[in-house]
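Engineer: Show me the folded form of this:
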Amino acid sequence: MAIFNNSDVPDNISTDSNTTIITTGAKIKGELELSCNLYIDGILEGNINSTKEVNVGKNGHIKGEIVTERLVVQGFVEGTIDAQRVEIKAAGHVSGEIKSSELVIEAKGIFEGNSIIKNDATI
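Structural biologist: Next up is the predicted model:
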């Protein structure tokens, strides 16, 4: 089992040296405080607080609260999301509450829950 490895990241996902990567087969419980990007293709039960971008890969599963600048979901997220921009890709599934200024759901992307528009004046 590998927890941090960048070889499993799809080519269409941009990562840099400031990206934390959690690969398939990893399961983490707890809280993450990040000032860098996060790519997760494993399982996380807990909360994420990031000032950058969070990408949930096709095998990624997050249960908890996510606070971030931008969230891209290709896997499954269950819980509450507070972000400037949320993108649910074709294979993505979000169940819960989204609070954002921008919400983009691609065809075949799934969103079940409540969406609250974030007023730019409150950001």
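Engineer: Run a quick neighbour tally on Ile43.
Structural biologist: 19 (other C-beta atoms under 10 Å). Where C-beta positions appear, they are placed from N, C-alpha and C, glycine not excepted.
Engineer: Hmm, I typed the wrong one, I wanted Ala107.
Structural biologist: 6.
Engineer: Low-confidence ranges, this protein, go.
Structural biologist: 1-17, 120-123 (pLDDT under 70).
Engineer: Show the residue spans covered by the strands in it.
Structural biologist: Per DSSP state E, the chain carries strands over the ranges 19-22, 27-34, 37-40, 43-50, 53-56, 61-73, 76-88, 93-105, 110-117.
Engineer: What residues does Glu97 make contact with?
Structural biologist: Glu97 sits next to Gly79, Thr80, Ile81, Gly113, Asn114, Ser115, Ile116 when contact means C-beta atoms under 8 Å, 6 or more residues apart in numbering.
Engineer: Just the buried ones out of these, please.
Structural biologist: Gly79, Thr80, Ile81 (16 or more other C-beta atoms under 10 Å).
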